[in-house]
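In: Next input, structure requested:
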Amino acid sequence: MKSRLVAAAAAMLVLSACQSDSAIDMAAAEPPPPEDQGGLPDVADLVGAPAAATETQLFARGYLPKRMSGGTAYWWNETTAVCAKVVRSDGYIKSITDEETSRCGL
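Out: Model prediction:
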């Protein structure tokens, strides 16, 4: 009976060690965060998203496109009076940052 308890305790110790190693491996396997989460909580979740879907989401959240040049677009939200600079690269949104109103042509 005593040997069974010792064996069970040893097995639990081994399993707990494996579990913590797995957690470390999982953390190392996570992709790096996007370049910039921006400073705009209402659109921060769009950073890292496919660019094609982001335009629809920006419209749905009250933003209108004002200026576009290459991979950079400026979007204006009349309700919040925010000019957002949206940078895309390789088909994904790399950053969304708050910009001066003049950048949106206002």
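
In: residues in contact with the nearest residue to residue 101 once chain neighbours are set aside?
Out: Nearest residue to residue 101, sequence neighbours excluded (C-beta to C-beta, 6 or more residues apart in numbering): residue 83, at 5.3 Å. Where you see a C-beta, it was placed from the backbone N, CA and C, and this is true even at glycine. Residues in contact with residue 83 (C-beta atoms under 8 Å, 6 or more residues apart in numbering) are 66, 74, 75, 76, 98, 99, 100, 101, 102, 103, 104, 106.

In: Burial check on the fourth one, number of neighbours?
Out: With neighbours defined by other C-beta atoms under 10 Å, the count for residue 76 comes to 21.

In: cool, and residue 98?
Out: Neighbourhood size, residue 98 [other C-beta under 10 Å]: 14.

In: What separation do you get for it and residue 77?
Out: Counting by C-beta to C-beta, to the nearest Å, the gap from residue 98 to residue 77 is 10 Å.

In: which neighbours do the two share?
Out: residue 84.

In: thinking again about what came up before, can you put the contacts of residue 83 in a markdown table and add secondary structure and pLDDT?
Out: Listed next are these as a markdown table, based on DSSP: H, G, I helix; E, B strand; the rest coil; pLDDT from 0 to 100:
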| residue | secondary structure | pLDDT |
| --- | --- | --- |
| 66 | strand | 98 |
| 74 | strand | 98 |
| 75 | strand | 98 |
| 76 | strand | 98 |
| 98 | strand | 96 |
| 99 | strand | 96 |
| 100 | coil | 96 |
| 101 | helix | 96 |
| 102 | helix | 96 |
| 103 | helix | 95 |
| 104 | helix | 96 |
| 106 | coil | 86 |
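
In: Let's have those in a markdown table, adding distance to residue 51.
Out: Output for the contacts of residue 83, formatted as a markdown table (distance: C-beta to C-beta, whole Å):
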| residue | distance to residue 51 |
| --- | --- |
| 66 | 17 |
| 74 | 15 |
| 75 | 13 |
| 76 | 18 |
| 98 | 19 |
| 99 | 18 |
| 100 | 23 |
| 101 | 24 |
| 102 | 25 |
| 103 | 19 |
| 104 | 19 |
| 106 | 24 |
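
In: Fine by me, thanks again.
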